[in-house]
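K.L.:
pasted the sequence and its predicted model underneath.
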Amino acid sequence: MAQDKITIKGKEIDLIKELGLEGLPIEKQKEMLERMANVVNKRIILRAMEELSEDEVMEINSSLVSLDTQEALNLLDEKIPNFDKIVSEEIAKFQEEMLK
């Protein structure tokens, strides 16, 4: 099954709820969640990388390649003070785009 939650600073974010998928049948939730979680996670990572200096990007870039998505998010959370805000904003942007 696709991962339906991500953890940022010890707080679990329920992507099913945040993206408004609770009303869909379970199988459709799983399918949509997998696709959307990949997109949202990539957007979060890209946006977070913009917050880092070029030296910091070079320093952690090789680490990000070998990590799974949750580990990459955890690493960026450690490096970026406002990471939880970035996560919330990217989820909100994606949700708004999905509603259009």
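P.N.:
Thanks, I have it.
K.L.:
and residue 79, how many neighbours?
P.N.:
By other C-beta atoms under 10 Å, the residues close to residue 79 number 16. C-beta here means a position set from N, CA and C on the backbone, and glycine is covered the same way.
K.L.:
same check on the one 4 residues further on?
P.N.:
Residues within reach of residue 83, counting by other C-beta under 10 Å, total 21.
K.L.:
check residue 65 too.
P.N.:
A count of neighbours around residue 65, defined by other C-beta under 10 Å, yields 8.
K.L.:
phi and psi next, for it.
P.N.:
Phi and psi for residue 65, reported as degrees, to the nearest 10, are phi -60, psi -40.
K.L.:
same deal with residue 14?
P.N.:
Torsion angles, degrees, to the nearest 10, at residue 14: phi -90, psi 100.
K.L.:
from residue 37, how far off is it?
P.N.:
Per C-beta to C-beta, to the nearest Å, residue 14 is found 11 Å from residue 37.
K.L.:
looking at those two, which has the bigger crowd around it?
P.N.:
Remark: of residue 14 and residue 37, residue 37 carries more neighbours, 19 against 12, as counted by other C-beta under 10 Å.
K.L.:
quick one: that one and residue 15 touch, right?
P.N.:
Yes. Contact criterion C-beta atoms under 8 Å: residue 37 and residue 15 qualify, at 5.6 Å.
K.L.:
tell me the contacts of residue 29?
P.N.:
Taking C-beta atoms under 8 Å, 6 or more residues apart in numbering as the criterion, residue 29 is in contact with 16, 21, 22.
K.L.:
pLDDT added to those, as TSV?
P.N.:
Below are these laid out as TSV (pLDDT from 0 to 100):
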residue	pLDDT
16	76
21	77
22	83
